[in-house]
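Undergrad: Make a model of this:
(one chain, ligands or ions: 1)
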Amino acid sequence: MWVDLSRQEWKTVKYPAEWALMYVGGRGLAARLLWEYMPVGADPLGPENLLIMAVGPLSGLPGPSTGKLQVAAKSPLTGGYGDGNVGTYMSIEMRKAGIDAIVFSGASRQPVTVVVEGNRVSFEPADDLWGLDTWTTEERLRKRYGRFAGIVEIGPAGENLVKFATIISQEGRSGGRPGIGAVMGSKKLKAVVVRGSSKADLYDERSYNSQAAKALVEIKGRPGYPFWMRQGTMATIDWAQETSVLPAYNFNEGVFDEFKGIDGFTMESMKIEQRGCPNCNMQCGNVVLDSTGVKSELDYENVALLGSNLGIGKLADVAFLNRLADQFGMDTESLGTTLSWAVEASQEGFLKGYGASLEWGDVKAFTELTKEIVNRSTLLGDLLAEASSGACRRAGGCELSMDVKGLGVSAYDCHAAPGMALSFATSPIGAHHKDAWVISWEVQHDRFSYGREKAAKVIELQRIRGMFESFTTCRLPWVEVGLSLDHYPLLLYYATGVKYTWDDLYAVADRTYALIRALWVREKGGWSRDYDMPPVKWFKKPLTKGPLAGAKLDYDKYNQLLDHYYELRGWDRNGVPTRDTLHRLGLDFVIPTLEKYVKLS
Ligand code: SF4
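TA: Residues are numbered from 1 along each chain as shown. Sure thing, here's the model as predicted:
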């Protein structure tokens, strides 16, 4: 479905069947659409950028945690490829409408809600919704379009082009960390509503349903399932503290003295509800009351980055900041890394011209700053709306910014985790853990090694996790409770009639990774291995607390690890896929473009 917001026109388009085979769907399809149809050098916040909402062949079907939607665009935060996945009924409704991707081009002059019903599109004025927070927006749209309509929206952060604005659904479901919500805001697109009228057309529905039922039963029977249902990802706080990877004080430390006040057991004592994405039988959204008595949905990443990383040891306070971010429609993780940068930068004297004097743990100051960021209402708020990576380019203090390629590091300190540092540094969207969560393996396997086997493990996980972005379904049944990966080729076969082995899917993942890297090279106008380096703090400033005090990354050894990574991927010493690799992956079509920017090996 192609929706031109400038002209308020739409059409349905059939894309080449070969693309479905090459990329499977979701992220892979989005990357190919951006390569083909986004003008080279597009302004991420200009009408020429494309906003893509895509599902994959397993999204929205009854099955293991399938209620996910991929959102992608050129990122205003990083200037490269950006994406995220959102848990939402929209994935189900898009399948019922027979739409694999919606491409939004152009920009509306007035705020608009795009409503897709079956395969028809209408453009509804959204002046009455513009300025409203995400919860109120969705509540009003649900009254109009029904409880189970597929709805995603932005909040004031997206409207005000905050560089880490996300797209929100169902109150706590958020995706698109690299500012995909700001892209939506730049198009004056307040919300999208989808209602399908049919049902997804499957190759062998009976076998699909039987295989999906087996997977769902397996999830509930896994030994880790009962504890997962109690704590979800919040159990990670205690584990991260034990292993010295819990980010504290802008990633200056890997342990936090007050961790007990924000851990999974504290959360359990406050929990009033459990929520999650549609079609999920292991829902992980743990709801507590925040310090003002309003519901807030927590997980490990937002609690670590808005808690220990800001020096806050009370879960109700963390829940409050988290809830504000969800309502404003901004990324909780980047809010955490931006506020923590602001504290350290102010203490180091970089923010004198902005009147900032910030202290760790100052919830009141962080609350005010969050409001100033979302409205860009003060000099400091406007600065921080650029995220730490953009703010430090104006104010100084980039050595304190915990980001890769502009995107804030998610919640794992890597002073003593070179493999996880490599995962962050080579992730296709910037420093996000969703592409390779090697840390749990790493702390058990030769933690301080920079060897080839570690680079190989990072790639293996990037392949598997990358495929979940393309399926598009949630990876957590496999990651967290150990659902067998053997289900997925079967589910794909029964859904589509195409037989893939996991080796075939690894090739799809490699193709998608290489295509995304090509997009980065094209949009950056060249490439250097500096883009694949983790934050400098992990090399220069050792941990001072905990059992690993004194630990830091070794610069030369990290470079060797990166060399191993490039070699195993078939990329050159600067991190660009070689001609042979591009040819092997069926990506010859990118070669003429890449030759304009780099010397291909
Ligand atoms: S496990 Fe959590 S993130 Fe994954 S689909 Fe279920 S509720 Fe959503």
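
Undergrad: Contact residues of the chain facing the ligand?
TA: Within reach of the ligand by Cβ under 6 Å from any ligand atom, the chain has these residues: 65, 87, 276-277, 280, 282-285, 474, 476. (Glycine included, C-beta is placed from N, CA and C.)

Undergrad: Let's see the pLDDT reported for Gly172.
TA: Listed pLDDT for Gly172 reads 89.

Undergrad: And it, how far from Arg465?
TA: 22 Å (Cβ to Cβ, to the nearest Å).

Undergrad: Between the two, which is the more surrounded one?
TA: Taking neighbours as other Cβ atoms under 10 Å, Gly172 and Arg465 compare with Gly172 leading, 25 against 20.

Undergrad: wait, what's in contact with the closest residue to the more buried one other than its chain neighbours?
TA: Ranked by Cβ to Cβ, 6 or more residues apart in numbering and with sequence neighbours excluded, the top spatial neighbour of Gly172 is Glu297, at 3.4 Å. Glu297 makes contacts with 171-172, 275, 285-287, 322-323, 326, as judged by Cβ atoms under 8 Å, 6 or more residues apart in numbering.

Undergrad: ok, then the element right after the helix or strand encompassing Glu297?
TA: Assigning secondary structure by DSSP states H and E places Glu297 in strand 295-298. Per DSSP H and E, the first helix or strand lying C-terminal to strand 295-298 is helix 300-306.

Undergrad: helices and strands around that following helix, which ones?
TA: On a contact count with 3 or more Cβ pairs under 8 Å, 6 or more residues apart in numbering; DSSP states H and E, helix 300-306 meets helix 236-242, helix 315-328, helix 332-347.

Undergrad: Let's see that with 10 Å instead.
TA: Packing contacts for helix 300-306, counted by 3 or more Cβ pairs under 10 Å, 6 or more residues apart in numbering; DSSP states H and E, involve helix 236-242, helix 264-270, helix 315-328, helix 332-347, helix 363-375.

Undergrad: hmm, back to that, columns pLDDT, secondary structure and neighbour count on top of the residues of the chain next to the ligand, output as CSV?
TA: Conversion of the residues of the chain next to the ligand to CSV gives the following (pLDDT from 0 to 100; DSSP: H, G, I helix; E, B strand; the rest coil; neighbours: other Cβ atoms under 10 Å):
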residue, pLDDT, secondary structure, neighbour count
Ser65, 98, coil, 27
Gly87, 97, strand, 27
Gly276, 95, coil, 22
Cys277, 97, coil, 26
Cys280, 97, coil, 23
Met282, 98, coil, 22
Gln283, 96, coil, 16
Cys284, 95, coil, 24
Gly285, 95, strand, 20
Cys474, 97, coil, 23
Leu476, 97, helix, 21
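
Undergrad: Distance of Val294 relative to the ligand?
TA: Distance, Val294 to the ligand, using Cβ to the nearest ligand atom, to the nearest Å: 21 Å.

Undergrad: Now for that residue: which residues touch it?
TA: 135, 319-320, 323-324, 327 (Cβ atoms under 10 Å, 6 or more residues apart in numbering).

Undergrad: Return the residues in contact with His415.
TA: Counted by Cβ under 10 Å, 6+ apart, His415 has contacts 244-245, 251-254, 421, 537-539, 541-543, 546, 548-553.

Undergrad: For the residue of the stretch 1-150 of the chain found nearest the ligand, list the residues it contacts.
TA: Residue of the stretch 1-150 of the chain nearest the ligand, by Cβ to the nearest ligand atom: Ser65 (3.7 Å). By Cβ under 10 Å, 6+ apart, the contact list for Ser65 reads 58, 87, 215-216, 219, 276-284, 468, 473-478, 483.

Undergrad: what about 6 Å?
TA: 280, 473-474, 477 (Cβ atoms under 6 Å, 6 or more residues apart in numbering).

Undergrad: do the same with Ala431
TA: Applying Cβ under 6 Å, 6+ apart, the residues near Ala431 are 403-404, 407, 409, 424.

Undergrad: in the stretch 401-550 of the chain, what residue is nearest the ligand?
TA: Cys474 (3.2 Å).

Undergrad: Please enumerate the helices of the stretch 451-600 of the chain.
TA: For the stretch 451-600 of the chain, the helices defined by DSSP state H, counting those that start in this stretch occupy 452-471, 476-481, 487-496, 502-524, 537-540, 555-569, 579-584, 591-594.

Undergrad: Quick check: the gap between Thr378 and the ligand.
TA: Counting by Cβ to the nearest ligand atom - Thr378 and the ligand are separated by 35 Å.

Undergrad: Report how many residues lie close to that residue.
TA: Thr378 has 17 nearby residues by other Cβ under 10 Å.

Undergrad: Quick check: closest non-adjacent residue to the residue of the chain found nearest the ligand.
TA: The chain approaches the ligand most closely through Gly276 (2.7 Å), counting by Cβ to the nearest ligand atom. Residue nearest to Gly276 in three dimensions, not counting chain neighbours: Gln283, with 2.7 Å by Cβ to Cβ, 6+ apart.

Undergrad: Which secondary structure element is home to the one residue sitting closest to the centre of the chain?
TA: Nearest residue to the geometric centre of the chain (Cα atoms, centre = their mean): Gly84, 3.9 Å. Per DSSP H and E: Gly84 is located in strand 81-87.

Undergrad: what sits against the residue lying closest to Ser528 once chain neighbours are set aside?
TA: Ranked by Cβ to Cβ, 6+ apart and with sequence neighbours excluded, the top spatial neighbour of Ser528 is Asn574, at 5.9 Å. Asn574 makes contact with 527-529 under the criterion Cβ under 6 Å, 6+ apart.

Undergrad: repeat that for 8 Å
TA: 527-529, 598.

Undergrad: Selection in PyMOL covering whichever of those residues are buried, please.
TA: Applied in PyMOL, the following selects the buried portion of those according to 16 or more other Cβ atoms under 10 Å:
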select buried, resi 527+529+598
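
Undergrad: would you list the contacts of Asn574 in TSV and tack on pLDDT?
TA: Putting these into TSV (pLDDT from 0 to 100) gives the following:
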residue	pLDDT
Trp527	98
Ser528	95
Arg529	96
Val598	98
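
Undergrad: what's the most distant pair in the contacts of Asn574?
TA: Spanning the widest gap among the contacts of Asn574 are Arg529 and Val598, at 11.9 Å by Cβ to Cβ.

Undergrad: Now find how far off-centre stretch 290-306 is within its chain.
TA: 18 Å (Cα atoms, centre = their mean, to the nearest Å).

Undergrad: Need the distance between the two termini of that stretch.
TA: 13 Å (Cα to Cα, to the nearest Å).
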